[in-house]
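**Q** Below are the sequence and a predicted model for it; my questions follow.
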Amino acid sequence: MTGFKSNKWEESKYWMTICTPTYQRAKALNRVYDSLLNLKNPYDKGKTIQFEWLIVDDGSKDGTKDIVKKWCNEDKIPIRYYYQENQGKHVAVNFAVQHSNSEVFLTLDSDDTLLENALLVFYEEWGKIENKQNYKGLTCRCIDPETKKILGDPLPRNPFDVSTLDLRYKYKIKGEMCGFNRTDLMKLYPFPTPDPRMRFCPESIVWFEMAKKYKERLVDIPVREYIEILIMLLLDIVSIVLFLIIMDGYIV
């Protein structure tokens, strides 16, 4: 694993790690970068609350490395970049988690766009939770970039404390959301890697395991733009089916 970082990056300084696993997305990655440049930082007791951007390049051959190096030279935000041979998003995230010292960890895909208030919302709403040891993280809403309307089903109440399992199967709430998890829990619940040939692992496997012990807080505030693409959903379904075939008995 090779890598580099911007001069602005400093060890053990960040409240949030924003991790972007990427593969062959050089033309889309600027969407993430531009949105991170516009993030408003919270202030707490006279201190600026910071984030880092940790990019794990999963074997791209499209010039991703050169683009990120250019951004590191601009030195506008703290960036770390690592390159690995193609192994899949789940392996990239596992690596990023193990190399993160932040309090919370957010995975942001290579074509996502955070709203400028996202960090403010995350920090403020997380701060309202008293018994954080009982929570895995905080989840907010996504909006359609054209209509600016919140995507997905309405919440029963706001805020809404619930386990991921109950959210899906008891309340049957659907819709794209955006949230972070505690970094310490991400280290305790890595994505399974039963077969090196596997290039995809459904995130729900880990979220459901966490849900057996921890709940999450949902708030009805948008923090991310999301473009719904049907073909991507179909590809996810195919990948999940293939994954379950490979796992063969992992889930009971």
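**A** Yep, it's here.
**Q** What score does the residue nearest in space to the middle of the chain have for pLDDT?
**A** The residue at the geometric middle of the chain, judged as the C-alpha nearest the mean C-alpha position with CA atoms, centre = their mean, is Thr107 (1.4 Å). For Thr107, the model assigns a pLDDT of 96.
**Q** And for the spatially closest residue to it that is not a sequence neighbour, the neighbour number?
**A** On the basis of CB to CB, 6 or more residues apart in numbering, the spatially nearest residue to Thr107 that is not a chain neighbour turns out to be Cys19, at 5.1 Å. Any C-beta I mention is one placed from the backbone N, CA and C, and that applies to glycine too. Residues within reach of Cys19, counting by other CB atoms under 10 Å, total 26.
**Q** now for the host helix or strand of Cys19, which elements pack on it?
**A** Element membership of Cys19, judged by DSSP states H and E, is strand 16-22. For strand 16-22, the helices and strands in contact under the criterion 3 or more CB pairs under 8 Å, 6 or more residues apart in numbering; DSSP states H and E are helix 29-37, strand 51-57, helix 89-98, strand 104-107.
**Q** so where do the helices sit in the chain?
**A** Counting by DSSP state H, the chain has these helices, from start to end: 29-37, 64-74, 89-98, 118-127, 164-165, 183-188, 204-211, 230-247.
**Q** Out of the ones you listed, the one nearest Met198 is which?
**A** Proximity to Met198 (CB to CB) singles out helix 230-247 among the helices of the chain, at 5.4 Å.
**Q** Count the residues that sit near Tyr169.
**A** Other residues within reach of Tyr169, judged by other CB under 10 Å, total 10.
**Q** try Glu11
**A** For Glu11, the number of neighbouring residues by other CB under 10 Å comes to 9.
**Q** That one: what's it in contact with?
**A** If you count contacts by CB atoms under 8 Å, 6 or more residues apart in numbering, Glu11 has them with Asn101.
**Q** how near is it to Ser102?
**A** Per CB to CB, to the nearest Å, Glu11 is found 11 Å from Ser102.
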